[in-house]
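Engineer: Just the structure for this:
(one chain, ligands or ions: 1)
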Amino acid sequence: MFDVLIVGAGMVGASLACALGDKNCTANSTLKVGVIEGNGNFLRGEFTADGRASAIAYGSSQIWQNIGVWGGMQRRGVTPMHKIQVSEGDLPYQVQLRREDTNHEALGYIVENAVTLASLWEFAKECQNLELICPAKVLDIDYDRDRDVMRVKISSEIGEQYLETKLLVGADGGRSQIRSMANIEIDERLYEQTCIVTTIKSENPHQNFAYERFQPSGPFAVLPLGGDRACVVWTATKEETPHLLALDESTFLQELTQRFGKPLMQMLGNITIESKTRANYVPRWMHSQTYIKQRLVLIGDAAHTTHPIAGQGMNLGIRDVNALAKVLKAAHQNNQDLGSDKVLRAYQGKRRWDNLGVIWLTDISNRMFSSQNLFLKAIRRLGLLILQISLFKRILMYFMMGMHQVPE
Ligand SMILES: Cc1cc2nc3c(=O)[nH]c(=O)nc-3n(C[C@H](O)[C@H](O)[C@H](O)COP(=O)(O)OP(=O)(O)OC[C@H]3O[C@@H](n4cnc5c(N)ncnc54)[C@H](O)[C@@H]3O)c2cc1C
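Structural biologist: The predicted structure follows:
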C-alpha cells in the first residue's frame, strides 16, 4: 500500500515526487510514494525535443531550491532574466521591469523543459522511498468504500495489476484521465489562436532581456536562453496558422524579423533559426470545479491550464506542489491520515484563489490586447501608462515573480 501514488511525472508531478522524496529530507523516508509515468523515454533519460523553454518566476526557483533540485537545473543551464519589456504593437512607450528594482539576482529564469525534467528525474531516482513505475498507464481507478482506500488498475511491462494507495495524485496534464475517471467537471475555453514555438540564435548577446509584445493576432514572446539563443512563442490567429507553419525557413525568418520590430532587431543583429521543426499548441484555459475527491487530489495542468502568454502555467503547478507537499508532510509528522478530507481541503483552500486569479487575469489581458475595439484600446494604453508609475510596477513585479508564495 502506497501513502501517495502520483500519476504523471511531467514537470509538476516529478516536482511533487522530489518534494516527498528522502534524498534531501530524512523525515520523508517513512513515506511510501509511487510514481506512474506513461512516457518510457523519461526512464531512459530522454526528454522532450520540442525545444520548449519556460519562464520560471523567482518564487518558483526558491521552491525548487528548498526541494533540492534547483542546483541540478543550474548545473545544466538556466538563464536569469535581468529585464522584461512589455509593449503593445509599435507604441513608443513600454513597461520595463528590471532586476535593479528588486533585491534579487534575477526577475526569474528561463529554463528549457528538457533541463527541468532531466534534473527532476535525476533527483527522483536517488530517493530510496520513491518507486518509479515507468512506462505504465492507468486503466481504471476505484475508491473502495469498505476499506477506505483508492485502488488503481495499471498496465505496465509486467502486465496488468492493482495498486492501492491512501492518496492518489492526478498530475497527468491538461487532458487528465484521472480527472475524467473521477468525474470531476471542468470549466474551459479554447482560444481561437495557436502558439508557434521556435528557437533562434542571434549575432549579438541578448543581454538577458525578455520581451512580451502584444499584437492584434495575439502576444509574441522572446525568452533568452544560454549561448545567445532565444525561445520565441508566437501567438497567431487560427486563420494565419496553416500559412505560417507551411512557410519555408527563409520566408518564416523574414516574417519573424518583422514581428521582432526594429529596436529588437538592432539589438540582436542577424538572427538564424535553430529548431528543425516549428512546434505548435492550441492554448486553452481550464479550471476544475474541484481539486479534491475522496482520497484523490489534482495538481498542475490536471487541475488548471492557462494561456501561455503570461508564462504562468507551470509556476502555478509548482505552487500547487509547494502547498500540497507542506500539508502532506505536516500530516505525516502528526500521524494523520494523508488522504483525509481535512488535509485535502487545506491544500485546496491554499491554491484555488491564486490559480483562479492568474487564469482570469491572463484571459483578460489576452482579450484586451487582441481587441481592436477603440474603448479597450484606450484602456490598455492607459494601463501601460499607469504601469510606468513605480508603485504599480512594483506590485506587478511582486506577483509576476511569485513573491506572494515564496516558501519560508
Ligand atoms: C507554448 C507553451 C509555452 C509555455 N510557457 C510557459 C512558461 O513560460 N512558464 C510557465 O510557467 N508555463 C508555461 N507553459 C505551461 C506549462 O508548460 C505547463 O503548465 C506545464 O508543462 C504543466 O506540467 P504538468 O506536469 O502539470 O503537465 P504535463 O507537462 O502535461 O505532464 C503530464 C505528464 O503525465 C503523463 N501522463 C499523462 N497521462 C498519463 C497516464 N494516464 N498515465 C501515466 N502518465 C500519464 C505525461 O506523459 C506527462 O509526462 C507553457 C505552455 C505552452 C503550451
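
Engineer: where does the stretch 151-300 of the chain come near the ligand, residue by residue?
Structural biologist: Taking Cβ under 6 Å from any ligand atom, the part of the stretch 151-300 of the chain that reaches the ligand is made up of 171-173, 177, 195, 197, 233, 281, 300. All C-beta spots, glycine's among them, are computed from the backbone N, C-alpha and C.

Engineer: Could I have the ChimeraX command that selects the buried members from those?
Structural biologist: Buried residues among those (16 or more other Cβ atoms under 10 Å), as a ChimeraX selection:
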select :171,172,173,177,195,197,233,300
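
Engineer: Most widely separated two among the residues of the stretch 151-300 of the chain next to the ligand?
Structural biologist: Using Cβ to Cβ, these reach their maximum pairwise distance at Gln177 and Val233, which is 27.2 Å.

Engineer: one step back: would you mind putting the residues of the stretch 151-300 of the chain next to the ligand into JSON lines with secondary structure alongside?
Structural biologist: Shown next, in JSON lines, are these (DSSP: H, G, I helix; E, B strand; the rest coil):
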{"residue": "Ala171", "secondary structure": "coil"}
{"residue": "Asp172", "secondary structure": "coil"}
{"residue": "Gly173", "secondary structure": "coil"}
{"residue": "Gln177", "secondary structure": "helix"}
{"residue": "Cys195", "secondary structure": "strand"}
{"residue": "Val197", "secondary structure": "strand"}
{"residue": "Val233", "secondary structure": "strand"}
{"residue": "Tyr281", "secondary structure": "strand"}
{"residue": "Gly300", "secondary structure": "helix"}
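
Engineer: Please convert the residues of the stretch 151-300 of the chain next to the ligand to CSV, extending it with pLDDT.
Structural biologist: Formatted as CSV, these follow (pLDDT from 0 to 100):
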residue, pLDDT
Ala171, 98
Asp172, 97
Gly173, 96
Gln177, 97
Cys195, 92
Val197, 91
Val233, 91
Tyr281, 91
Gly300, 98
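
Engineer: Pull the contacting residues for Ser119.
Structural biologist: Residues in contact with Ser119 (Cβ atoms under 8 Å, 6 or more residues apart in numbering) are 69, 72-73, 75-76.

Engineer: I should have written Leu328 there, sorry.
Structural biologist: Leu328 makes contacts with 4, 20, 167, 338, 343, as judged by Cβ under 8 Å, 6+ apart.

Engineer: sorry, back to before: among the contacts of Ser119, which one has the most neighbours?
Structural biologist: Val69 (25 neighbours; other Cβ atoms under 10 Å).

Engineer: give me phi/psi at that residue?
Structural biologist: With angles defined as degrees, to the nearest 10, Val69 sits at phi -100, psi -10.

Engineer: In what element of secondary structure is the residue nearest to it when sequence neighbours are not counted found?
Structural biologist: With Cβ to Cβ, 6 or more residues apart in numbering as the criterion, Val69 has its nearest non-adjacent residue at 4.9 Å, and that residue is Phe123. Assigning secondary structure by DSSP states H and E places Phe123 in helix 113-125.

Engineer: Neighbouring strands of the helix or strand immediately after that helix in the chain in the sheet, and parallel or not?
Structural biologist: Once helix 113-125 ends, the next helix or strand along the chain (criterion: DSSP H and E) is strand 130-133. Strand pairing for strand 130-133, determined by DSSP bridges: strand 33-36 (parallel).
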